[in-house]
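Enquirer: requesting a structural model of the entry that follows:
(chains A and B, ligands or ions: 4)
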Amino acid sequence: MKQLLVLSGKGGTGKTTVAGTFVELSQAKAVADCDVDAPNMHLVLKQANAPERFDYMGMDKALIDSETCINCGLCQRNCVFDAIDFLPSTNENKDQYKVSDFGCEGCGVCVYVCPVGAVSMMPSVDGALELFRNGRVFSTATLKMGSGTSGKLVSEVKQNLIKAAPKEGFAILDGSPGIGCPVIASISGVHMVLVVAEPSVSGLSDLDRIVATASKFQTPVALCINKADTNKEKTEEIRRYCQNNQIPLVGEIPFDQKVVEAVNQGKTMAGETGPAGIAIRDVYEKTMGVFWRIQGSNELR
Amino acid sequence: MENKEKGFRIAVLSGKGGTGKTLVSVNLAALQADSAYVDCDVEEPNGHLYFPMEKEAKTQVYSPIPQVNDDLCNGCRECVDFCRFYALAYINEKVKVFENICHSCLGCGLVCPTNAITFNNSTVGTVSTGKHQGIHVYSGSLEIGKASGIPIIKELLKKSHKEKRLVMTDCPPGSACIVMESIKDADYCVLVAEPTIFGAHNLALVHELVSLFHIPYGVVLNKCTDSKNPSEKYCEENKIPILAKLDFDPELGKLNSDGKIVVWEKEEYRTIFEEMASRIAKEVGHETVVGIER
Ligand code: SF4
Ligand code: SF4
Ligand code: SF4
Ligand code: SF4
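Expert: Numbers count the residues shown, from 1 in each chain, chains lettered A, B, ... in the order given. Ligands and ions are numbered 1, 2, ... in the order given. Sure, this is the predicted structure:
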């Protein structure tokens, strides 16, 4: 399955709008939303039927049995994540060591150091995976508030997609913001990244970091500029950046109030006739041109 | 907004980046001479673009990574079995460390019976501090290819904790554990939301998050237009105080995208942000009775 991943470094650049529109234009039969911290794709890709749901098991979490615990404090001293709190006695309780709900990374050090076997590791449901099959396979997920293992969940979202649509030749993935673990998990195994950039000082800085991340994993990159007319000088700077770094610039999308309206009606830009709609369709054609050229040359190699 | 005892900490967050979180936090910080601004978005730090630092001091942030002394290793694989992050493997009669997925828990060192494992410091990123026009700036940056910025955020928070002034914390996007790290010690949270169903959806996610922490909060609605605003509706339905409504304004957008501090550029914007600040002070005043005055 050839995979195109849409990334932006930061959210709010129109990444999901672009990805959603691409899905409709390409009629891709395999789609995943890898932005597990704040998934949005389902809001524009309306689904007729309810999804299949699976629990997402994150890292096990430590649990201290206060009956067995002798309050030696060894676990707290050895937990490098500061995830064990000491709660002084109250009317109801004696002194207690307790694992905090959010801090535990599940490393298991406390289990190892406890002299009386008071700590155990408990399975923990950290979110839910969802798989829609409505003509197309759409894989998405939500992470439970404050869980830290989103990279692993991204990998499972992608595995779910590949398992459910093994014969599809082409997939579109909406990525997560940032450059850390979930983004690295999104990039892993994809065939090209389309970066949606914004013409601003922040946009340029984010763009540089996301391109560096993709190159680190040897993934080809193409780039489009969204809201290109809101800052002409910065748009020019991004053009130069592309030239200097030999990144194909696959188009520029002007600011268009119609985008907000379409999003609010839960629609993509695929059928829109305004300037942004026309521009996104052009970006789509060019992106696919670059995408298949890269795949072709890879196959020849 | 001042509290000489310990500094007053305001965390600015949003379900996603790009909503104007940095716009709100840098401009609120810029209103008050001598405030501090902390950029916790270490994956895509942008604050330093608005507040370029005079005399920037950079420090490296390290994480301990195991190093195996092959002469002492007897191949028992206790370390490999212990590591729950699959950061160790026994290949060709040697322990191999996958640095980028190691969480630096130090567990493998504890379990090794022959003391073959020691820890080396590996750089995960940097923390920069400096001043811009009297504002104390803290900024962190995750090294490309590294998985987690948490050690850098911890270092940033540790450093900025000594501040006895108004501290504006610009949080990373999303609602994962990394965000929790940066709001844990906040006295007030400002949630920034866009007027779309995406915006409202993301707002609901961060709203759930701040509710967990029992920190008082309010919402700034950004990029408002005449059309309906799903985020505003969400605030009304959930009785969340709306601190300010920033209209969609190409001029403000342009200044901001050029890295300008809009409250320093135009009186008009200064007034808008001052109103926002006094609204926050008022909210704080009646949520917690502390000596915050403007
Ligand atoms: S499992 Fe690790 S992170 Fe969790 S409480 Fe124990 S030592 Fe701390
Ligand atoms: S190491 Fe074990 S006995 Fe000691 S405080 Fe922790 S849980 Fe209790
Ligand atoms: S320090 Fe912890 S995470 Fe890193 S290799 Fe050792 S056991 Fe694994
Ligand atoms: S635990 Fe120590 S001795 Fe055993 S395989 Fe690991 S490094 Fe070698």
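Enquirer: so A:Ser205 is in contact with B:Glu43, correct?
Expert: No - the pair A:Ser205 / B:Glu43 is not scored as a contact, 11.2 Å apart, by C-beta atoms under 8 Å. Backbone N, C-alpha and C define where each C-beta goes, glycine included.
Enquirer: comparing the two, which residue is more hemmed in?
Expert: B:Glu43 (32 against 18; other C-beta atoms under 10 Å in any protein chain shown).
Enquirer: could you pull up the residues touching that one?
Expert: A:177-180, A:183, A:209, B:142, B:149, B:172 (C-beta atoms under 8 Å, 6 or more residues apart in numbering or on different chains).
Enquirer: highest neighbour count among the residues you listed?
Expert: Busiest of these [other C-beta under 10 Å] is A:Gly178, holding 33 neighbours.
Enquirer: would you mind listing what in the stretch 51-200 of chain A touches ligand 1?
Expert: Near ligand 1, the residues belonging to the stretch 51-200 of chain A are A:62, A:79, A:81, A:83-84, A:99, A:104-110 when assessed by C-beta under 6 Å from any ligand atom.
Enquirer: now, which of the contacts of B:Glu43 sits nearest ligand 1?
Expert: B:Gly149 (17.5 Å; C-beta to the nearest ligand atom).
Enquirer: host element of residue 205?
Expert: Let's take chain A. helix A:201-216 (DSSP states H and E).
Enquirer: hm, I was asking about chain B
Expert: helix B:197-213.
Enquirer: off-centre distance for that helix?
Expert: Relative to its chain's centre, helix B:197-213 lies at 16 Å (C-alpha atoms, centre = their mean, to the nearest Å).
Enquirer: what mean pLDDT does the lengthiest strand in chain A have?
Expert: As assigned by DSSP state E, the longest strand anywhere in chain A is strand A:125-134. Here strand A:125-134 scores 91 as its mean pLDDT.
Enquirer: strands paired with it, and their directions?
Expert: Each strand paired with strand A:125-134, and its direction, by DSSP bridges: strand A:52-57 (antiparallel), strand A:136-143 (antiparallel).
Enquirer: residues contacting the first one, please?
Expert: Same thing as strand A:52-57. If you take C-beta under 8 Å, 6+ apart as the criterion, strand A:52-57 is touched by A:123-131, A:133, A:141, A:143, A:153, A:156, A:160.
Enquirer: again, 10 Å this time
Expert: The contact list for strand A:52-57, computed with C-beta atoms under 10 Å, 6 or more residues apart in numbering or on different chains, reads A:36, A:123-133, A:141-144, A:147, A:149-150, A:152-153, A:156-157, A:160, A:164.
Enquirer: right, is the helix or strand following it up against chain B?
Expert: Next helix or strand after strand A:52-57 toward the C-terminus (DSSP H and E): strand A:61-64. No - judged by C-beta under 10 Å from any C-beta of the partner chain, strand A:61-64 makes no contact with chain B; its nearest approach is 11.0 Å.
Enquirer: of the contacts of strand A:52-57, buried ones?
Expert: Those of those that meet the buried threshold are A:36, A:124, A:126-132, A:141-143, A:147, A:149-150, A:152-153, A:156-157, A:160, A:164, by 16 or more other C-beta atoms under 10 Å in any protein chain shown.
Enquirer: now the helix or strand just after the helix holding B:Leu205: how far from the chain's centre is it?
Expert: Sequence-wise, the next helix or strand downstream of helix B:197-213 (DSSP H and E) is strand B:217-224. Relative to its chain's centre, strand B:217-224 lies at 18 Å (C-alpha atoms, centre = their mean).
Enquirer: next one: the helix or strand just after strand B:217-224 to chain centre, how far?
Expert: Toward the C-terminus, strand B:217-224 is succeeded by helix B:230-237 as the next helix or strand (DSSP H and E). Relative to the mean C-alpha coordinate of its chain, helix B:230-237 is positioned 25 Å out (C-alpha atoms, centre = their mean).
Enquirer: what's the helix or strand just after helix B:230-237 in contact with?
Expert: Going down the chain from helix B:230-237, the next helix or strand is strand B:242-247, by DSSP H and E. Contact with strand B:242-247 is made by B:20, B:23-24, B:190-193, B:195, B:217-226, B:229, B:231-232, B:235-236, B:252, B:262, B:269, B:272-273, B:275-280, B:282-283, as judged by C-beta under 10 Å, 6+ apart.
Enquirer: just the buried members of those?
Expert: Applying 16+ other C-beta under 10 Å to these flags B:20, B:23-24, B:190-193, B:195, B:217-224, B:229, B:231-232, B:235, B:252, B:262, B:269, B:272-273, B:276-277, B:279-280, B:283 as buried.
Enquirer: next up, the contacts around B:Val97.
Expert: B:65-68, B:79, B:83, B:87-89, B:108, B:117, B:120, B:122.
Enquirer: so does the longest helix anywhere in chain B get close to chain A?
Expert: As assigned by DSSP state H, the longest helix anywhere in chain B is helix B:267-287. No - applying C-beta under 10 Å from any C-beta, one finds helix B:267-287 separated from chain A by no less than 16.7 Å.
Enquirer: now do that helix and strand B:217-224, the angle between them.
Expert: 160 degrees (axes from the mean of the first three to the mean of the last three C-alpha atoms, to 10 degrees).
Enquirer: now for helix B:267-287, which elements pack on it?
Expert: Counting contacts by 3 or more C-beta pairs under 10 Å, 6 or more residues apart in numbering or on different chains; DSSP states H and E, helix B:267-287 packs against strand B:8-13, helix B:21-31, strand B:188-193, strand B:217-224, strand B:242-247, helix B:250-257, helix B:262-265.
Enquirer: just how off-centre is that helix within its chain?
Expert: 22 Å.
Enquirer: and what of stretch A:21-31?
Expert: For stretch A:21-31, the distance to the chain centre is 18 Å (C-alpha atoms, centre = their mean).
Enquirer: strands of the stretch 51-200 of chain B, start to end?
Expert: B:54-68, B:88-91, B:94-97, B:117-132, B:135-142, B:166-170, B:188-193 (DSSP state E, counting those that start in this stretch).
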